[in-house]
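Enquirer: Here's a sequence, model it:
(2 chains, ligands or ions: 1)
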Amino acid sequence: MSLTVETRATIGLPDAEPLRLIEETGTVVAPKLRRGIDLPGADTLLELYRRMVIARRWDTQVTALTRQGRLSTYPSARGQEAGEIGTVLAMEAADWLFPTYRDSIAVMTRGVPTEQILSGFRGDWHCGWDPQEHRTAPQATPLATQALHAVGLATAARLKGDPIAVATFIGDGATSEGDAHEAFNFAGVWRAPIVFVIQNNQFAISVPLSKQTHSRMLADRAVGYGIPGFHVDGNDVAAVYAVVSAALARARTGDGPTIIECLTYRVEPHTNSDDPSRYRDSSDVELWRKRDPIERLARYLESEGMLGDELRRSFVQEAEDAATAMRDTLNAEPALDPLELFDHVYNVERPALREQRDALAGELDENGSARS
Amino acid sequence: MTTETETPDAVRAKPLTMAAALNSAMRDALAEDPNVVIYGEDVGPLGGVFRITDGLTRDFGEQRVWDSPLAESGIVGTAIGMAMYGMRPIVEMQFDAFSYPAFEQIVSHVAKMRNRTRGRVSLPIVIRIPTSGGIGGVEHHSDSSEAYWTHTPGLTVVTPSNPADAYSMLREAIRSDDPVIFLEPKSHYWMKESTERAGEPLPMNRAAVVREGTDVTLISYGPTVAVALATADLAAEESLSIEVIDLRSLSPFDDETVGASVRRTGRAAVIHEAAKFGGYGAEVAARITEREFFHLAAPVLRITGADIPFPAPLLEKYYLPNPERILHALSTWEWDD
Ligand SMILES: Cc1ncc(C[n+]2csc(CCOP(=O)(O)OP(=O)(O)O)c2C)c(N)n1
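Expert: Purely as a prediction, here's the structure:
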């Protein structure tokens, strides 16, 4: 196997109209408009619904706790659940996820415990979980940088002959960064088993997409890299799940990378400290709140008789219980050991760090401050 | 390189260029550990613009040593992901100033990953950077960027000054579980020396006293070690006895070796090609002053490049520290005898 292939790809532009499997009304799109993509099975759709309900409640709870000052900041993914949960549920346990600060609910859905996910926003350590254990990289803040890590890991897996795939999220604003370009290009050249999920929520803090790109849509970029590109209705979890699943499957069997643009909207402020009234119309927000991805799937499931009041209530209860458990966990003070600050910088101990650690230990003893 | 009839000892006894020593360090590492991979710009069939990876693609195949797309942030960024998956990537930046597109990946991720994940993810990456001037390079081909890296917690920064160190330090850097910025003084690539040394090689994190003396300690590294040694030769004629230290490791800093020397000589001067202001020499001077103040008979001196961008080729000789300039500085240095 050679890393690169001699023949270069010719790939057409993606369809401009976002792919949709379930209409906003909850009706299924006619088979001939589904572009050969099948609706996921009933069990999958129900599971997507359940996990979105849990994620929404979790996200709402974290936002509330942030307002109460329990966290220093929290970028909410409310309204973007379809892209987040659809992607994660399409992944297998052995696959790797490279998330951003926006994707806490995706990390949660990967199975990382709440207090470990929020340790960064809460402030007790930058990344609270073991990336190897959960096959989930730390949430990246420097925009688009994680896309390159994802390509590197995917390429390493390919070199080792492991049939796994990698998924990474990128914001619409972050696609303007040079690292996004480099990641798409390296992935194409190295045929990396990776799926780039662009969460186009139409804003980068205050800046709308029209100020980021002059191209028709972000998915169009794929053509330039010789990579298949898809434009998907990012509020249709069935479509996201189906397209990401197919892309991951192709990646695992050696068919290389895919760029998927999920068209959605950031209904919340960028973070709790943002003021969207300075840059956008609240009527737009209201319009998009009505295009809720969870309610859309619920309408479909109900119309098919797959989701009754009882089941719906049980999901809500499950989400409520998880939120309560999370609130209790976060209400407990995190254990902090200031001396741990020096423990993880290098594998090999450095005398200079030992001196600084001893100095801090001395200060702590003098102040009689409790150390855990 | 190694032919079937020659023993490794015989090979080591032969004079080798620094380029060949670096090449054989990578060759041996590739042979020893299947997780070692090498990539960068032109490092494949060409062997790199300095030929340091000469023959490695031919001998180990495209899956171990290959040409990547031309993008430094991409090269370093992907190395991070590879290291997270058990690889030990060695990446080459073509020239010092062309490592700057990778600055964010190095400073925000390579350096921080282990700490931000509470020690759970180490990144055994070696970033090789041909560095410094003295070869008449055109604009952007002669920078000394060590202070950017040494100022960044999480990075290990080393620089060899001779072929034997080039071999042993690169082997150790590749074996290191921490990321290493490996600065190669490009003016020394063709320096030829036997790489044979008695005993175990000095560990990568230790400085070496490369010439003993009693009056002054000259602290040098990479390309300025040769300058310091030449200065010591000249000074000896004027009966000034100079001790020369080759730092080898810029981060961590070997306070022990430097301190012991300064306590003996009472005077220290640090020599580097990089600009003076905020340069590595400032750290060296401050550390010595903080730790050895009562042993110092004079303030620590910095003999460095000027605070200007690296000059055009025909002017570089006016910029680079040379023995005459160092001797002059030493002779006009204020101290109580
Ligand atoms: C390299 C870099 N530049 C600037 C920032 C500051 N910043 C944080 S989020 C953000 C907007 C990103 O927008 P987008 O990529 O669309 O993602 P979203 O926040 O909408 O999910 C900016 C400018 C950063 N984190 N990294």
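
Enquirer: CA atoms for contacts and neighbours, from now on please.
Expert: Will do.

Enquirer: give me the number of residues near the closest residue to chain A within the stretch 201-337 of chain B?
Expert: At 7.0 Å from chain A, B:P252 is the closest residue in the stretch 201-337 of chain B, using Cα to the nearest Cα. Residues near B:P252, counting by other Cα atoms under 10 Å in any protein chain shown, number 23.

Enquirer: next one: the one 5 residues further on
Expert: When neighbours are defined as other Cα under 10 Å, B:T257 has 15 of them.

Enquirer: what does B:G279 give?
Expert: B:G279: 23 neighbours (other Cα under 10 Å).

Enquirer: Then B:R197?
Expert: 12.

Enquirer: what helix or strand is it on?
Expert: Assigned by DSSP states H and E, B:R197 falls within no helix or strand.

Enquirer: try A:V223
Expert: Going by DSSP H and E, A:V223 is part of helix A:221-224.

Enquirer: and that helix, what other elements does it pack with?
Expert: strand A:229-233 (3 or more Cα pairs under 8 Å, 6 or more residues apart in numbering or on different chains; DSSP states H and E).

Enquirer: who does the strand it packs on touch, helix- and strand-wise?
Expert: Here strand A:229-233 touches helix A:221-224, helix A:237-252, strand A:258-263, going by 3+ Cα pairs under 8 Å, 6+ apart.

Enquirer: for chain B, what spans make up the strands?
Expert: Under the criterion DSSP state E, chain B contains strands at B:15-17, B:36-40, B:65-67, B:88-92, B:126-131, B:156-158, B:180-185, B:192-194, B:208-211, B:216-220, B:242-246, B:249-251, B:268-275, B:301-305.

Enquirer: next one: chain A
Expert: According to DSSP E, the strands that chain A contains are A:96-98, A:166-171, A:194-200, A:203-204, A:207-208, A:229-233, A:258-263.

Enquirer: among the ones you listed, which is nearest B:E283?
Expert: strand A:96-98 (37.4 Å; Cα to Cα).

Enquirer: out of everything not next to it in sequence, what's closest to the residue in the stretch 1-150 of chain A that chain B sits nearest to?
Expert: Using Cα to the nearest Cα, A:H149 is the residue of the stretch 1-150 of chain A that sits closest to chain B, at 4.1 Å. Of all residues not flanking A:H149 in the chain, B:G81 sits nearest, at 4.1 Å (Cα to Cα, 6 or more residues apart in numbering or on different chains).

Enquirer: residue contacts, the nearest residue to B:T57 once chain neighbours are set aside?
Expert: Nearest residue to B:T57, sequence neighbours excluded (Cα to Cα, 6+ apart): B:V65, at 5.0 Å. The contact partners of B:V65, taken as Cα atoms under 8 Å, 6 or more residues apart in numbering or on different chains, are B:37-39, B:43-44, B:56-57.

Enquirer: Report the separation between B:V65 and B:N35.
Expert: The gap separating B:V65 from B:N35 is 11 Å, by Cα to Cα, to the nearest Å.

Enquirer: Can you tell me which residues in the stretch 1-150 of chain A are near chain B?
Expert: In this structure, the stretch 1-150 of chain A approaches chain B at residues A:1-3, A:125-132, A:138, A:142, A:145-146, A:148-150, judged by Cα under 8 Å from any Cα of the partner chain.

Enquirer: just to revisit the earlier point, the residue nearest to A:H149 touches A:G152, doesn't it?
Expert: Yes - in this structure, B:G81 is within contact of A:G152 by Cα atoms under 8 Å, at 4.2 Å.

Enquirer: These two: who's more crowded?
Expert: Neighbour count, other Cα under 10 Å: between B:G81 and A:G152, A:G152 has more, with 33 against 27.

Enquirer: circling back to that earlier point, pLDDT score for the residue nearest to B:T57?
Expert: In this model, B:V65 is scored at 98, pLDDT.

Enquirer: who's it bridged to?
Expert: B:V65 forms beta bridges with B:I38, as assigned by DSSP bridges.

Enquirer: B:L218 reaches B:V244, doesn't it?
Expert: Yes - judged on Cα under 8 Å, B:L218 makes contact with B:V244 at a distance of 4.8 Å.

Enquirer: what about the two, which has more around it?
Expert: Neighbours around B:L218 and B:V244, counted as other Cα under 10 Å, are more numerous at B:L218. The numbers are 33 against 29.

Enquirer: Double-check the residue of the stretch 201-337 of chain B closest to chain A against B:T156; I have them as touching.
Expert: Yes - counting by Cα under 8 Å, B:P252 touches B:T156, with 6.6 Å between them.

Enquirer: Domain-wise, how is chain B divided?
Expert: Taking automatic domain parsing as the reference, chain B has its domains at B:8-194, B:208-330.

Enquirer: Packed most tightly, which of those domains would that be?
Expert: domain B:8-194 (a mean of 21; mean count of other Cα atoms under 10 Å in any protein chain shown).

Enquirer: got the residue ranges for the helices in the stretch 51-200 of chain A?
Expert: Here the stretch 51-200 of chain A has its helices, by DSSP state H, counting those that start in this stretch, at A:81-90, A:104-109, A:114-117, A:119-122, A:131-134, A:145-160, A:178-189.

Enquirer: could you dump the fourth one to CSV, C-alpha only?
Expert: When you say that, I think you mean helix A:119-122. C-alpha atoms of helix A:119-122 as CSV (Å, rounded to 0.1, in the frame of the first residue of the first chain):
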residue,chain,number,x,y,z
SER,A,119,-13.9,20.1,33.9
GLY,A,120,-12.5,22.6,31.3
PHE,A,121,-15.5,25.0,31.4
ARG,A,122,-15.7,24.6,35.1
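
Enquirer: Name the residues that touch it?
Expert: A:70-74, A:125-128.

Enquirer: pLDDT of it, averaged?
Expert: The average of the pLDDT scores along helix A:119-122 is 95.

Enquirer: Tell me the gap between that helix and the middle of its chain.
Expert: 17 Å (Cα atoms, centre = their mean, to the nearest Å).

Enquirer: now the last one
Expert: Taking Cα atoms, centre = their mean, one finds helix A:178-189 lying 19 Å from the centre of the chain it belongs to.

Enquirer: Bridging across strands, which residues link to the closest residue to B:M191 other than its chain neighbours?
Expert: When the adjacent residues along the chain are set aside, B:M191 lies closest to B:T17, with 5.2 Å between them (Cα to Cα, 6+ apart). When bridges are called by DSSP bridges, B:T17 pairs up with B:K192.

Enquirer: ok, now how distant is B:T17 from chain A?
Expert: 31 Å (Cα to the nearest Cα, to the nearest Å).

Enquirer: In contact with that residue, which residues are there?
Expert: B:T17 makes contact with B:163, B:189-193, according to Cα under 8 Å, 6+ apart.
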